[in-house]
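Asks: Mind folding the following:
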Amino acid sequence: MINLKTIALSAVAIAIMNGCGDTTVTYGDSTVTITGDTLATGGTTGSTTTNTTPTSFDTILAAAKFLPQKTLAGDISTSMTLTNDTLWVLDGLAVVKPGVTLTVEPGTVIAGLAGTGDATSYMIVDKNAEIIADGTADKPIIFTSMQRVEDPTNLDVGQWGGLTLIGNAGND
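Replies: Next comes the predicted model:
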């Protein structure tokens, strides 16, 4: 029997890894909303003028490059909190090990460095590890690339490896 919760979480993980736009997955009383990788700019298109107001996402992303930086790399083997007063930089593989809780404050930015192959920056939350990441509309949690932090208009795909959540689902 297929577990709907597993399917919903898989859909969320795929959406995050593919850098899609707005996605909502609902299961029971829980709702997960992924917002990002869209940048609205003011300007004139034909005879239509568009005016945009920067969102919390835009404001947080623009400020991230001015924050002190800390690197996340290798095994994360003790529980920790990623605070929103720091730009957390993924440098290669970072693995949240089983039994460890990674808490991410609302308004936190986690950015992966550029690289390919073994130098790809990505995070894995291993089986029996936990990630608590409760962003809000005013303080979203942003997973992105360092290129995007340095230039928020850079919308190129494939700039970092992504986030993978490993659960207990079977591979049938």
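Asks: Excluding chain neighbours, give the residue nearest to residue 133 in space.
Replies: With sequence-adjacent residues excluded and distances taken as C-beta to C-beta, 6 or more residues apart in numbering, residue 133 is closest to residue 104, at 4.0 Å. Using the backbone N, CA and C atoms, a C-beta is placed for each residue, glycine as well.
Asks: What's the local residue count around the one you found?
Replies: Neighbour count of residue 104, defined by other C-beta atoms under 10 Å: 21.
Asks: swap in the one 3 residues further on?
Replies: Residue 107: 20 surrounding residues under other C-beta under 10 Å.
Asks: wait, doesn't it sit right on residue 135?
Replies: Yes: contact criterion C-beta atoms under 8 Å: residue 107 and residue 135 qualify, at 7.4 Å.
Asks: who touches both of these two?
Replies: Any residue near both residue 107 and residue 135 by C-beta atoms under 8 Å, 6 or more residues apart in numbering counts here, and that gives residue 141.
Asks: picking that back up, dump the residue contacts of the residue nearest to residue 133.
Replies: 81-82, 110, 131-133, 135, 141.
Asks: Look up which residues are beta-bridged to it.
Replies: Beta-bridge partners recorded for residue 104 (DSSP bridges): residue 82, residue 133.
Asks: longest single strand anywhere in the chain?
Replies: strand 87-96 (DSSP state E).
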